[in-house]
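[1] Using only what follows, build the 3D model:
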Amino acid sequence: MSPRAAWRLEALGFAEVYDYVLGKADWLAAGLPTEGSGTDEPRAIDVVEKALTCTVETPVSHIPDGDPVVVVTDGDIVQGTVGPGIRRAGAATAESVMDPGPVTVRADESLEPLVRRMREKHVSHILVTTAGGRLLGVVRSVTHSSPDA
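    Got it, this is the predicted structure:
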């Protein structure tokens, strides 16, 4: 919204007005709330779950075994993932054993086609990030079903 429109809304009494320079597509991709028509279709952000995380400096011996762990920076920017069973490296860090650059989707990704693609590719989970790479969570295909499944 332009600064002029933001000023006008404030003048009309709206308390929380933002001049979001990046635009609607970025707003949606960041998983920020929406209202109005066209917001009924389920999106990735609607079913996102908290992901296990660690930093690049985390010793492998401190990474919990089981689900994949997302390697992030202090600002939650995704760097890679550490899969189950990799904990054998002892004193190595997460950075030394991670798979760099995992596949991610944006928060506004339509859920039905996303789950369908995950099933077709035999992918059990996919990371949801902002356009800037900040981790929002994970979508797990085993817990969410597509209407045509």
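[2] residue ranges of the helices in this structure, please?
    Assigned by DSSP state H, the helices in the chain fall at 3-11, 24-29, 44-47, 94-97, 111-120.
[3] Count the neighbours of residue 54 for me.
    21 (other Cβ atoms under 10 Å). Bear in mind the C-beta positions are built from the backbone N, C-alpha and C, glycine included.
[4] same check, this time on residue 78
    The number of residues packed near residue 78 is 23, by other Cβ under 10 Å.
[5] thought it was touching residue 135?
    Yes: using Cβ atoms under 8 Å, residue 78 is in contact with residue 135, at 5.2 Å.
[6] what's the domain layout of this protein?
    The record's domain parsing of the chain by automatic domain parsing lists 1-30, 44-143.
[7] Would you check how far apart the closest residue to residue 140 other than its chain neighbours and residue 93 are?
    Leaving aside its chain neighbours, residue 140 sits nearest to residue 125 (4.9 Å; criterion: Cβ to Cβ, 6 or more residues apart in numbering). To residue 93, residue 125 is 23 Å away according to Cβ to Cβ, to the nearest Å.
[8] Also residue 114?
    Separation of residue 114 from residue 93 (Cβ to Cβ) stands at 32 Å.
[9] the more surrounded of the two?
    residue 114 (22 against 18).
[10] Point out where this protein drops to low pLDDT.
    1-3, 19-25, 36-39, 87-91, 142-149 (pLDDT under 70).
[11] among the domains of the chain, which is the most enclosed?
    With neighbours defined as mean count of other Cβ atoms under 10 Å, the domains of the chain peak in mean count at domain 44-143, which reaches a mean of 16.
[12] If the residue nearest the centre of the chain is in a bridge, with which residues?
    In the chain, the residue lying closest to the centroid (Cα atoms, centre = their mean) is residue 128, at 2.0 Å. Counting by DSSP bridges, residue 128 is bridged to residue 105, residue 137.
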